[in-house]
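Colleague: next comes the sequence, and after it the predicted model I'd like to discuss.
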Amino acid sequence: MKKILIADDYPDMRELLGRQIESLGFVPILAENGKDVLEKAIREKPQLILLDMIMPIMDGWEAVRSLRANPETKDIPILAATALFHQSDLNTCIEQGCDGYINKPFTIVELKKKVEELIR
């Protein structure tokens, strides 16, 4: 069964995204901060990481750099899920190592399209 690791610091958002990911046929793995993402990415080996960029303890930017630096997680696709709308912020997502981004709020149709693009 294919897994998607979902990182968001808001419990309601994690639960909503988890249900959406499940409805797309994936097993959701939930994380509440960047440090949690690193641990679960190594342990669970997800096919994709859906990563909020603004989180406590370790933000998404630091998590992306750490994931890309680790041989066990460097090839896992990362989709930034962000409320940042400035093109410079979105460009930074890609420059820092994300494979794509999706702007919050987004629809299940938009999420499905992005997931399909990144999981082949």
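Modeller: Looks like it came in fine.
Colleague: element containing Leu50, please.
Modeller: Assigned by DSSP states H and E, Leu50 belongs to strand 48-52.
Colleague: partner strands of that strand and their direction?
Modeller: strand 3-7 (parallel), strand 78-82 (parallel) (DSSP bridges).
Colleague: who's in contact with the most centrally placed residue in the chain?
Modeller: Nearest residue to the geometric centre of the chain (Cα atoms, centre = their mean): Leu50, 1.6 Å. Residues near Leu50 by Cβ atoms under 8 Å, 6 or more residues apart in numbering: 4-7, 17, 21, 79, 81. Using the backbone N, CA and C atoms, a C-beta is placed for each residue, glycine as well.
Colleague: where is pLDDT lowest across those residues?
Modeller: pLDDT across the contacts of Leu50 is lowest for Ala81, at 90.
Colleague: before we move on, the earlier item: look up how far Asn91 lies from the residue nearest to the centre of the chain.
Modeller: Taking Cβ to Cβ, to the nearest Å as the measure, Leu50 falls 19 Å from Asn91.
Colleague: got the contact list for Arg19?
Modeller: Contacts of Arg19 by Cβ under 8 Å, 6+ apart are Pro28.
Colleague: let's go with 10 Å and repeat that
Modeller: 28, 108 (Cβ atoms under 10 Å, 6 or more residues apart in numbering).
Colleague: and the one 10 residues further on, by the same measure?
Modeller: Taking Cβ under 10 Å, 6+ apart, we find Ile29 in contact with 3-7, 18, 21, 36-37, 40-41, 43-46, 49-50.
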